[in-house]
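A.B. asks: kindly generate the corresponding structure for this input.
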Amino acid sequence: MHSDTFAQLQQYLNSQVIGQNELVKQLLVALLADGHILVEGPPGLAKTRAVKVLADCIAGDFHRVQFTPDLLPSDLTGTDIFRPETGEFTFQPGPIFNSLLLADEINRAPAKVQAAMLEAMAEKQITVGRESYKLPELFLVMATQNPIEQEGTYPLPEAQLDRFLLHLEVNYPSAESELDILRLNRGEAQGHVAAQPITLSQQTIFDARQAALSIHMADNVEQYIIRLIMATRQPEQYNPLLAEWLQMGVSPRATIALDRCARAHAWLSGRDFVSPEDVQAMAFPVLRHRLLLSYQAQAEGITSNRVIAELLAQVGSA
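C.D. replies: This next block holds a predicted model:
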């Protein structure tokens, strides 16, 4: 399968989600790599709009769930309902059974809801009572976090963070993009018809995933991924500062994620091979939520982004 269809989809999404080209690209990477996204950024930066517009372009159902401290697992998964006419309990599916799920402010939900989300993301199934139910074959969660307001939140456990393929940081758009947003919003309010969305069947997405998985990755690029991962576990071999900053390295799940995302990034770029630049482009969103920084690093204001930048500087691609 050729990547032209996804290039057209990316162009359409960029026209509807203005000033967030990186968010759009990474959404498509996650779709191709069959993973979930955690998006962090202030309110009002088109995070919800991006998923809604993508949902309009895919033959699948979309649902948004606002996570709150009083949310129950059954509000997400569904529950058994008694039917008087039959005298039996039947399962009523919840919003998690949609192909695209927007989990808004996921860190506001308590531990039991997080456990239900973890099972869904890890196993593509949920358990209610004694029964387990499979989720749709096409299943993508985009969860959001507000980095500013932390009161009344439940920090996500490392095990759940590791289940997110990517962690994106969304920033404010430029002045030019802000003007385009203003004009687009005004046009929509006046009833102007936007460009017709490109609709992809689920089979098209599955074929694209296989095409991305099949592109060539040279041995030296594969070894580069391994060296980057091992550097998070044995940082003292590269830089004493890295050893001070890192409390724990990343899991093999990060290795798999970096491989798949680098392949998806290359395929979206229209190439049939993976370059070291693809690995470097995906290192930040793949690794930033998986690195466990030391107390010393946190006290000094060292961020995961700073650590990843140092890793890329220390670990050669050749």
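A.B. asks: other SSEs contacting the top helix by length along the chain?
C.D. replies: Once the chain is assigned using DSSP state H, the helix that runs over the most residues is helix 252-268. In terms of contacts (3 or more C-beta pairs under 8 Å, 6 or more residues apart in numbering; DSSP states H and E), helix 252-268 is packed against helix 4-16, helix 21-33, strand 164-169, helix 202-214, strand 216-217, helix 219-233, strand 273-274, helix 276-287. In short, each C-beta sits where N, CA and C put it, glycine included.
A.B. asks: which stretch in the ones you listed is the model least sure about?
C.D. replies: Of all the helices and strands packed on helix 252-268, the minimum mean pLDDT falls on helix 4-16 (a mean of 91).
A.B. asks: export that one to PDB, keeping only CA atoms.
C.D. replies: C-alpha atoms of helix 4-16 as PDB (Å, rounded to 0.1, in the frame of the first residue of the first chain):
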ATOM      1  CA  ASP A   4      -0.300   8.900  -0.600                       C
ATOM      2  CA  THR A   5      -3.700   8.300   1.000                       C
ATOM      3  CA  PHE A   6      -2.300   9.100   4.400                       C
ATOM      4  CA  ALA A   7      -0.500  12.100   3.000                       C
ATOM      5  CA  GLN A   8      -3.900  13.400   1.900                       C
ATOM      6  CA  LEU A   9      -5.400  12.600   5.200                       C
ATOM      7  CA  GLN A  10      -2.600  14.500   7.000                       C
ATOM      8  CA  GLN A  11      -3.100  17.500   4.800                       C
ATOM      9  CA  TYR A  12      -6.800  17.500   5.500                       C
ATOM     10  CA  LEU A  13      -6.300  17.200   9.300                       C
ATOM     11  CA  ASN A  14      -3.800  20.100   9.200                       C
ATOM     12  CA  SER A  15      -6.300  22.300   7.500                       C
ATOM     13  CA  GLN A  16      -8.900  21.500  10.200                       C
END
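A.B. asks: in that helix, which residues are buried?
C.D. replies: Across helix 4-16, burial judged by 16 or more other C-beta atoms under 10 Å covers F6, L9, Q10, Y12, L13, Q16.
A.B. asks: quick revisit: the longest helix of the chain: which residues count as buried?
C.D. replies: Buried, per 16+ other C-beta under 10 Å, within helix 252-268: 254-268.
A.B. asks: what's the angle between it and helix 21-33?
C.D. replies: Interaxial angle, helix 252-268 versus helix 21-33 (axes from the mean of the first three to the mean of the last three C-alpha atoms, to 10 degrees): 110 degrees.
A.B. asks: now do the SS call for the residue of the chain most remote from its centre.
C.D. replies: Ranking residues of the chain by C-alpha distance from their mean position (C-alpha atoms, centre = their mean) puts E85 at the top, at 43.1 Å. At E85 the chain is in coil, as set by DSSP: H, G, I helix; E, B strand; the rest coil.
A.B. asks: any idea how far it is from F91?
C.D. replies: According to C-beta to C-beta, to the nearest Å, E85 and F91 sit 16 Å apart.
A.B. asks: work out which residue lies at the spatial centre of this structure.
C.D. replies: Against the mean C-alpha coordinate of the chain, by C-alpha atoms, centre = their mean, the closest residue is I37 at 1.3 Å.
A.B. asks: return the backbone torsion pair for that residue.
C.D. replies: Per-residue torsions, I37: phi -120, psi 140 (degrees, to the nearest 10).
A.B. asks: got the contact list for it?
C.D. replies: Neighbour list for I37: Q26, L27, A30, L140, V141, M142, A143, F164, L165, L166, H167, L168 [criterion: C-beta atoms under 8 Å, 6 or more residues apart in numbering].
A.B. asks: tell me the two of these that are most distant?
C.D. replies: The most widely separated members of the contacts of I37, counting by C-beta to C-beta, are L140 and H167 (14.9 Å).
A.B. asks: more neighbours, those two?
C.D. replies: L140 (26 against 21; other C-beta atoms under 10 Å).
A.B. asks: mind splitting this protein into its structural domains?
C.D. replies: For the chain, automatic domain parsing gives the domain ranges 4-189, 215-314.
A.B. asks: specify the local secondary structure of T144.
C.D. replies: strand.
A.B. asks: can you give me the neighbour number for it?
C.D. replies: T144 has 23 neighbours, counted by other C-beta under 10 Å.
A.B. asks: which ones are touching it?
C.D. replies: L38, V39, E40, G41, K47, T48, L102, A103, D104, E105, I106.
A.B. asks: so it bridges to which residues?
C.D. replies: For T144, the beta-bridge partners are V39 (DSSP bridges).
A.B. asks: how much space between it and L101?
C.D. replies: 12 Å.
A.B. asks: before we move on, what about T199?
C.D. replies: T199 is 20 Å from L101, where distance means C-beta to C-beta.
A.B. asks: comparing the two, which shows the higher neighbour count?
C.D. replies: Each of T199 and L101 has its neighbours counted (other C-beta under 10 Å); L101 has more, 27 against 11.
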